[in-house]
Structure formats: structure tokens, C-alpha cells
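Colleague: Need a 3D model of the following:
(2 chains)
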Amino acid sequence: MRLVHAARARLRLLFARRDAESRMREEFRFHLDMEAERLVREEGLTPPEARRRAVIAFGLAAQHEDAMRDGRGLAWLGGLALDLRLGGRMLVKYPGLTAVGGLAMAFAIWVAAGAFEFTGQVLFPRLPLPDADRVVALERWDAAAGRAQPQALHDFAAWRSDLRSVTELGAYRLAQRNLITADGESLPTEVAEISAAAFRVARARPLLGRALSEADERPDAPAVAVIGHDVWRARFGADSGVVGREVRLGRTPTTVVGVMPEGFAFPVAQSLWVPLRLSPLDYPRGAGPAITIFGRLARGATLDEAQAELTTWGRRAAADFPGTHRHLRPRVMPYAQSVALVDGSALLVTKSSYVFFVMLVVLICGNVALLMFARAATREGEIAVRNSLGATRRRIVAQLFAEALVLGGVAAAVGLGAAGLGVRLLVRAFEAHSGRLPFWFHAGLSPWTVLYAVLLTVLGAAIAGVLPGLKVTRGLQARLRQTAAGAGGLRFGGIWTAVIVAQIAVTLGFPVVAFSVYGGVRGARTMVADFPAAEFLSARIALDREASPGADTSLAAFVARRRATARELERRLHAEPGVVGVTFAERLPRMHHLPHWIEVDSGGAAPQDPRFPGGYRTSSAAVDADYFDVLGVPVRAGRAFHAGDLAPGSRVVIVNESFVRLVLGGRNPIGRHLRYDWRNDESGPLSESAGPAPWYEIVGVVPDLGMSAAADPKVAGFYHPLAADVVVPLHVAVRVRGGDAAAFAPRLRAVAAAVDPTLRVDDVARMDTLSDAGIAFSMFWVRLLGVVSAVAMLLSMAGIYAVMAFTVARRTREIGIRVALGASRRRLVASVFARPLAQVALGVVAGGVLTVLLRDVEEATPAALAGALAYSVFMLGVCLLACIVPTRRALRVEPTVAMRVD
Amino acid sequence: MTTRPPSDALRGSLDLLVLKTLSLQPMHGWGISQRVQQISDGVLEVNQGSLYPALQRLEKAGLVTSAWSTTDHNRRARYYSLTAAGRRALGTELESWRRFAAGLEAVLRTT
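Modeller: Model (predicted):
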């Protein structure tokens, strides 16, 4: 009770300071009035005289006010204001420290806040919709299989009519369709087949025309589409007369009935909506297309109530339809959760990255603390005087804290500003690499991020201010006596040695990582493929599985149709003027190829990965029989593929030169065998067939064409023939002689559209620019790492230089005396340099260990190692410089002068 | 006999006097100073300057609480009253004060 009272009184006084002050004056006035009246009444004084006496008796009001402020614990407010002002003055007085320390803290906060914001948006999304927290998603969780079961058409219909706690239920499924406008331009577009309820759930009104309605969902209704703002602008030139215009979606003539406003991309990142016309009657229970179900919580209903209703429903369904519903547990969740961007492991990574960033802040602020400590040490005299004049230790520490807080505050403002920018860049880089992000991603900073940054700033100020403060003020008087007696003053102790060593270690780790990533990216960028890549235009091609109403939708039929379509495309492209070759492949050179683990007959020769005995990490791709021929890639040994290899059951592969070198140790590969090692495989078996993997015979060797978008292009890899019975992603490469291959893009689209309107042509690019998006994304990371490394290095150098120079300078008197006593200069220098050099050496060793832990040793390129070595040498140089300058000065000093140095 | 001076929470006699005065009825600051003077027949004169900080201190410690109210003459004044904690503190502090005073008295008598 007492605590509560006390806390309340304090809080009230703290938050209503101005108010409290005016009340305090009112209280004093009342007292004076009463006293004056008493004096008039009891002692017969005139009112002015009574007033005067009352005031005298009461004493100086201002003093009481001060005393009362002390009583209510507000004094520190006044003190803090003063400290902050002093802190501001210190920033101006020591511009070097302000620049380095401020930059350091701004940098730490920039990185930490940016990462916090981005991961926050991924993990705890906030939908930019009205009443967004009431928008929910519903799913059927298969408890036996441990995953969602999305073939939910029947249940969707039942929920629509049964559920009371969730209203406006709707469903969607996503697809890519060619949007063909009147001018014949055909571009693959993200389409949402979606219930009309979506527009009510999202509370979105169309900019032009109308949204979808329930009437559109009838099977016999005319085909209509609502387009997004960006499609409207890009494909229709923002024409206000677009409503009513006819377009084609694949084969289907469709009428545009509405345009949605900018930013509307429900359900995830779509900008074209057509009615969802799926009927549960067409499919057996638990079968049919996969859909995602959403809705809005009914007025007054909570998520828990909705879940309870669904659970009850689920029990009943499990009893009614044990065949399909026994293991199904219907679930309701906040809407954004239904779009699985990350899984549990990512959450873990994110949490540990928060820890990492806090550590980064701690480390950097430790560095700033070092600087502040060095400065505090030079102010030891001033601090001692203040201490003697009655300033408590707490007071002095508080002032150093306030100085760090001012520095941190400025830094936080800069860092947060940069973080906003960083998040925008990150979102842009991410979207360029892997498509549009869900609509709830935004570029700004959330209040939580700002709060996080503020907390980090206070933490940083505590480290950078309080730590040196405590250190400087500890044993101040004793030290002063010592100094007066001629002994050394303040010393850097073990904790600072640890800080310096950690600094060097971490700053060594950053550039090594950055450098090796950069080396990989540069390798991919500058790799000269052994074929005239600039003469090729490539594209990803895909076909709608549902060809036409009533057609055979089995996998076999689809594969056959796809193959026939590809051959037809090849035939027609060959007929185009300028085209001298057409070929297909699962993946093209310099694209990212999935890694596979393989084993080789009678073992390989190269050192094996200890984690996977007997296995080798390789990449592979399926290519057409004439692939190497069309590309103009020479076969170095053995033979190329021929048409016979395309037959199902063919078991031949062609390896690249890196494979021969890395896996077979340069021995002759022809006639050797390899097979997939599925125990270790990250992507699972290539085909559906189970059992032990079959052996493949190596029949040829080709040069490295690049099998990675960003990492080292020298990847061991091999090629399969593009068998007719396996469905893999398909890319087409067209060789165009004369002129720019990129100029052929419109023809490629036109030819594809003529072959089949559902044939989608995507990612059209000249082959020498392939994977530029991947490289750009990698370059973004490299740049980020580069900035991180550069700043970390700068800080590290500045901190280490300052501290070393300072420690050596503190020994000026000692050095002077030893010179006067005839000490050998060499020994003197050695004694001065021993400790800093040991610290740097220890840091380099620790950094090396850290680097090894961070990356696989085998992945560290010689260039990266050389860079690390150069960096270590550079670091030593800085350290030497930091020692040399003050040492030279100290050696030159006259002993009499040295004695006077404090 | 071991005696113990009043704890730091009650700094000297002033706090004790204030608590004692407030134990009778809620009162404003001026009233407290008058009452102390009255009861002690003018022997104890409360330094008005230290009264308000003392009240503040006691309020911070949760021993008294204050509220604005009107006097009999219809003027706004801040009235202080004892909290339950204050009442308890008064009891223990009075007890220890008495023991302290008795101990002091005993010492003074013998020397």
C-alpha cells in the first residue's frame, strides 16, 4: 500500500511538474495569507506589515521551492537538464570524438533499427486495411500430416453458411495468366481468382467502375476482371475509359469492369482480380483446387470465440466425414499469418539476429566508451576538483552519462533517418530479386522500431557513459595522491584490453565475409562464358495446366501437351529471320542451380566434406539434346547429347570441367558413374521414383558455364538430357544473329502467343545479362557489408589509435625519466610497444578463429585470406603509428620537462 | 539496554510532530504549524520553511496524502491526512522515540 502511495505521488509529481509547481506556489500563498491574517488579528499589525513579517518568517520562497523539489525527487530533472546542456557543449568542444563516436553509434542504431523494422514487418505484419486486426484467415490443419490441407471447397461452402463468428467469408487462388490487350501485347500477370467478399473484407472501393460482385461468380456469368492501379497505368496508359474494354486472359475474352486504387493488392500482391467460380459440386469432398479462405470477425466476436466455433464445427465434421475430416482441425488466425513468408526456424534466426544487433551496439558503444574513457582520463583533474568541491560520484557519473546520452540522441536521430532509407532500399532490393512483397510491407519505420532504437540508445549511453564514469571515479582520491607522489595516473585495465581485442577480432571478421561474398559476385559478373552469350535471348516459358474446358488435365496429358507446344515454338522460332538456333534447358548458365549431393563409383579423389562422408555437393540441370551445339560450347572430352538420350530411362550425364577437377581430382571422367545421394539432398529426389538412386554414366565433359547466380561460378556440376517424361521449369534460348538479341523480345512474345495464348513468356533477357537481378541483390548485400565493414574498421582504427596514443602519452613522464637515467632507447621502445602489439596480435588471432567459425574454411578464397592478411597488417600499422607518434615525442622530451607532465 | 534513535524515514522530531498532529484530523500546512505551537504552549516553534519539505517527504514516503479542499472560510487549501501506513509508522516511531528519550534521560540522570 505504502509503495503504491509513494509511487503514485512520485508519478503524479513527475508527470504534472508544471502543475505541481503552480500548486506549490498556491499552497505557499495560502500559508502566507493565513499567517498575515493571524498577525493582523492577534498582534494588530497593519496588513502590509503583517505581510512583510509573514514573508520573513516563511523565509525565501525560492529556497522552499528548491527544497520541495528535492523532496519530490525532481531535482535530478534540473540536474539532468544542466548535464544535457553540458553534454551538448562537450560535443562541440571535442569534435573528433563527436564525429567518430557519433558516427559509430548512429551506425549501430542504423543497422539495428533497420533490421528490427524489416524483420518486424516480416514476422508481425500490420495490414494497412480498416479494422485490420479483424481480418482473419481460416485453414484446415491436418494434424496427422502436420500441414495445412488447402483443398477446402466443400468446407468453405459449409463455413459460409454455418459460421456466426466470422462473416464475409471469401476464398481465393492465385495464378499467372497472360494478359493480352487490344494491341496484341501479351504479358504474364499475377491474377487472383477471388470471391466478391474480398472487396468488402478489405473495405476497398474501386477508383473506376465497380468491384466484383456475387453475380459474377455464377458459372454462366460473362467473364469480367477488375484491374489494379499499376496494371491500369502500365498496360492501359491510365485511360479513364478502360471500363467496359475487352482484354484476353489466356484464351478467355474478359471485360474490364473496374480499376482499384493505388496500393490495393489484396490478397497478397495482386493487381488483377477475376471472380472465383469454383463449385464444390464439381469435386469430391477433400479434393479439388487449393484455395485460401479469409473473412472478417463478426461484430463483437473475438478470435478465440471464432476458434471455439470452428473447433466445434471440426468435431462434428470429423464425426460426420471420418474419411476426410478425422485429422482435420479447422483454424482461424490473423490474416497475414496465412501467407507463409517465414517458418519457425526463421523466427529463431531473427531472434538471434536481434541478439546480434544488441551485441553490435554493445560492442560499438564499448568502443565509444573507450574514447570517452580516454577523454575522461584527460579530464581527471577537472573531475577531481569537482569531487573535492562536493560533487558525489553519482553526480559525476550522471554527467558522463548525460554526455553520452546527448551524443547517442544525435546519433539515434541520424541512425533512424538512415534506417528508414535502408528499409526502403532493402524492400526494393528484395522485390527486384524475388517479386512483389505482400501489400502490408511498407518503407517507413514503426513506433516499435523507434522505441527499440531509443532503448538501444539509452543502453549505449549507459555503456559509453556510465562505464568510463565508474572507472574514472573509482579510487579517485587515492589516485590523485599517487599522481602527486609521482606515480602514474589512470590506467587502462583488463576490461579495456578485452574491449580492444574484441574490436579487432570483430572488425577482422566483417571484411573477410564481405570480401569473399564480393569475390563470388565479381566472379559471376566477370565470368566470360565460353559462348557468345550476347547473341542469345532467353526466357522462362510456362503453360496453363487447365488448357481448355473439358480437356484432359492429367499430368501425362499436360507433359505431352507442354512438349508439343515447346516443339511447335521451336519450329516457328526457327522460321523467324535472323534466328539461327533454338534450344531448351531447365536452367541457363549463370542462373542459380539447386545443389545436390551425389556419390561417384569407386569414390572420388577430391577431399570430401566431413559432414557427408562419401558425398559431393554439385549442381545439375536438364538440357535439350542440341543444347551445347546451339550454344556453341565445345565438348572437351567424350561426346555431346544426341536425340537418343532424351528417351525415358536414359542414364547419361555430361559433367563440367570443375566437376572433373573437384570431384574426380582431374582423372578421366568418361565411363565413370555418379548417382544422387538423397540422404543428404536438400531439395529431395528429382523424380518421383523411390528406392536407391540409379547410376548415371558420364559420357562427356564441357567447360564451366556457370551454375550459380552470385557465388563462385566454378561449381562442380553436370547436365542431364531433358527427358520427355519429367516436368522441370523450362527456359528457351534463341540465338539471333546480327543486331541486338534483346530487340527480338517482342517477336518472341508474339510467336509464343501465336503458338498458344496460355503460353506465358517471362524473364525475357539477353543471356549475358542473365541473373543480373540475383547479382544486383547480392551486390546490395555486398555494399551493405562493405559499409558495415568500412565503418567498423574506421571505428576500430579510431578507437584503437586514440587509446594507444593515449596510453603511450600517459607514460611520457616515465619515458622521460628512464631516458634521463640512461635507458637504452631500443628497450624503451620495446617496452612501450609490447602491450599494444600483443593486443592487436591477440585480436587478429581471435578474429581469425571467428572467421573460421563464421565460414567454411574451404570456401575462404585465397583473395579473401590475402585481404584478411593485408587488413591485419594495416591494423598493426595503425597501432604502430598510434604508438610511434607519442613515443617519439616522449623520447625527445627533456627530462626536466617530462617531470612536469601530469 | 539498547536503544535506537528514530529511523531515517522520520527525520528528527519534526516528522514525528507532523504525523502526531495529523493523527487527530486532516489539516493544511499553516494549520499544522499553528497546532504544534499551540499544543506545546509555544515551546516548539515549527520552522515554516522546513515544514513543507517535511510534508513533501512524508507524502513521497507514502505516510501522508494530500488533497485540495476548501476551508471554513471558503478558501482553497491543501489538506494533509495520515495514510494507514502513516498511522502504523506513527505507532512504531512513537514507541522507539519514547525508548530513545527514556534512554537519553537515564544517561543524563546518571552523569
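
Colleague: In which helix or strand does the residue nearest to A:Met90 when sequence neighbours are not counted reside?
Modeller: Sequence neighbours aside, A:Glu403 is the residue nearest to A:Met90 in space, at 5.0 Å (criterion: CB to CB, 6 or more residues apart in numbering or on different chains). Using the backbone N, CA and C atoms, a C-beta is placed for each residue, glycine as well. A:Glu403 belongs to helix A:393-434 when assigned by DSSP states H and E.

Colleague: Could I get the buried residue list for whatever helix or strand comes next after that helix?
Modeller: Next helix or strand after helix A:393-434 toward the C-terminus (DSSP H and E): helix A:447-461. Judged by neighbour count (16 or more other CB atoms under 10 Å in any protein chain shown), helix A:447-461 contains these buried residues: A:Thr449, A:Val450, A:Tyr452, A:Ala453, A:Val454, A:Leu456, A:Thr457, A:Val458, A:Gly460, A:Ala461.

Colleague: ok, of these, which one's closest to chain B?
Modeller: Closest approach between the buried residues of helix A:447-461 and chain B, by CB to the nearest CB: A:Val458, at 25.0 Å.

Colleague: Tell me if I'm right that the closest one and A:Gly409 touch.
Modeller: No: judged on CB atoms under 8 Å, A:Val458 makes no contact with A:Gly409 at a distance of 9.6 Å.

Colleague: so how far is A:Glu35 from B:His28?
Modeller: Separation of B:His28 from A:Glu35 (CB to CB, to the nearest Å): 12 Å.

Colleague: go on, A:Met793?
Modeller: 70 Å.

Colleague: for A:Gly228, same thing?
Modeller: A:Gly228 is 78 Å from A:Glu35, by CB to CB.

Colleague: who's more crowded, the two?
Modeller: Applying other CB atoms under 10 Å in any protein chain shown to A:Gly228 and A:Glu35 shows that A:Gly228 carries more neighbours, namely 25 against 21.

Colleague: Spatially nearest residue to the more buried one, not counting backbone neighbours?
Modeller: A:Ser271 (2.6 Å).

Colleague: Quick check on the one you found: phi, psi?
Modeller: Here is the backbone geometry of A:Ser271 (degrees, to the nearest 10): phi -140, psi 30.

Colleague: What residues does it make contact with?
Modeller: A:Ser271 makes contacts with A:Thr189, A:Glu190, A:Ile227, A:Gly228, A:His229, A:Asp230, A:Val231, A:Met260, A:Ala265, as judged by CB atoms under 8 Å, 6 or more residues apart in numbering or on different chains.

Colleague: Weed out the non-buried ones from those.
Modeller: Neighbour counting by 16+ other CB under 10 Å classes A:Thr189, A:Glu190, A:Ile227, A:Gly228, A:His229, A:Val231, A:Met260, A:Ala265 among those as buried.

Colleague: What are the boundaries of the helices in chain B?
Modeller: Ranges of helices in chain B, per DSSP state H, are B:12-24, B:29-39, B:48-60, B:84-110.

Colleague: closest one to A:Arg203 among these?
Modeller: Among these, the nearest to A:Arg203 by CB to CB is helix B:48-60 (51.1 Å).

Colleague: Now do that closest one against helix B:84-110, angle only.
Modeller: Orientation check (axes from the mean of the first three to the mean of the last three CA atoms, to 10 degrees): helix B:48-60 against helix B:84-110 gives 130 degrees.

Colleague: helix or strand for A:Val808, which one?
Modeller: Here A:Val808 sits within helix A:772-809, counting by DSSP H and E.

Colleague: Identify each buried residue in the helix or strand just after that helix, please.
Modeller: Downstream of helix A:772-809, the first helix or strand assigned by DSSP H and E is helix A:812-820. Of the residues in helix A:812-820, A:Thr812, A:Arg813, A:Glu814, A:Ile815, A:Gly816, A:Arg818, A:Val819 count as buried by neighbour count, 16+ other CB under 10 Å.

Colleague: just checking, what packs against helix A:812-820?
Modeller: Applying 3 or more CB pairs under 8 Å, 6 or more residues apart in numbering or on different chains; DSSP states H and E, one finds that helix A:812-820 contacts helix A:825-854, helix A:862-892, helix A:895-900.

Colleague: who in chain B is up against chain A?
Modeller: Proximity of chain B to chain A is confined to B:28-30, B:34, B:48-50, B:52-54, B:56-57, B:59-63, B:65, B:68, B:75-78, B:83-85 under the rule CB under 8 Å from any CB of the partner chain.

Colleague: And the average pLDDT for stretch A:242-262 is what?
Modeller: Confidence for stretch A:242-262, expressed as mean pLDDT, is 91.

Colleague: Just the CA atoms of it, as CSV, please.
Modeller: Extracted in CSV, the C-alpha atoms of stretch A:242-262 (Å, rounded to 0.1, in the frame of the first residue of the first chain):
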residue,chain,number,x,y,z
VAL,A,242,-10.9,1.5,-69.7
VAL,A,243,-14.1,0.2,-68.0
GLY,A,244,-16.0,-1.9,-70.5
ARG,A,245,-13.0,-2.6,-72.6
GLU,A,246,-12.3,-6.2,-73.6
VAL,A,247,-9.0,-8.0,-73.0
ARG,A,248,-8.0,-11.6,-73.1
LEU,A,249,-6.7,-13.6,-70.1
GLY,A,250,-5.0,-16.6,-71.8
ARG,A,251,-7.8,-17.9,-74.1
THR,A,252,-10.6,-16.2,-72.2
PRO,A,253,-12.1,-12.9,-73.6
THR,A,254,-12.7,-10.8,-70.5
THR,A,255,-14.3,-7.4,-69.8
VAL,A,256,-12.6,-4.9,-67.5
VAL,A,257,-15.3,-3.7,-65.1
GLY,A,258,-13.3,-1.7,-62.6
VAL,A,259,-10.0,-0.2,-61.5
MET,A,260,-8.8,-0.4,-57.9
PRO,A,261,-7.0,2.5,-56.3
GLU,A,262,-3.2,2.6,-55.9
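
Colleague: Just the residues contacting that stretch, thanks.
Modeller: The list of residues contacting stretch A:242-262 from outside it, by CB under 8 Å, 6+ apart, reads A:177-182, A:191, A:204-212, A:222-230, A:232, A:236, A:271-274, A:544, A:548, A:757-758.

Colleague: buried subset of these?
Modeller: A:177-181, A:191, A:204, A:206-209, A:211-212, A:223-229, A:232, A:236, A:271-274, A:544, A:757-758.

Colleague: Not counting sequence-adjacent ones, nearest residue to residue 54?
Modeller: Using chain A here. A:Glu35 (4.0 Å).

Colleague: Switch to chain B, please.
Modeller: Among residues not flanking B:Ala54 along the chain, B:Leu14 sits closest, at 5.2 Å (CB to CB, 6+ apart).

Colleague: So the one you found is in contact with B:Leu51, correct?
Modeller: Yes: between B:Leu14 and B:Leu51 a contact is recorded at 7.5 Å, counting by CB under 8 Å.

Colleague: out of all of them, which strand in chain A is the longest?
Modeller: Ranked by residue count, the top strand of chain A under DSSP state E comes out as strand A:166-180.

Colleague: which strands and helices sit next to it?
Modeller: Counting contacts by 3+ CB pairs under 8 Å, 6+ apart, strand A:166-180 packs against strand A:135-142, helix A:153-162, strand A:186-194, helix A:197-201, strand A:246-249, strand A:292-297, strand A:759-766.

Colleague: The first one pairs with which strands, parallel or anti?
Modeller: Strand A:135-142 has the following strand partners under DSSP bridges: strand A:147-148 (antiparallel), strand A:292-297 (antiparallel), strand A:328-334 (antiparallel).
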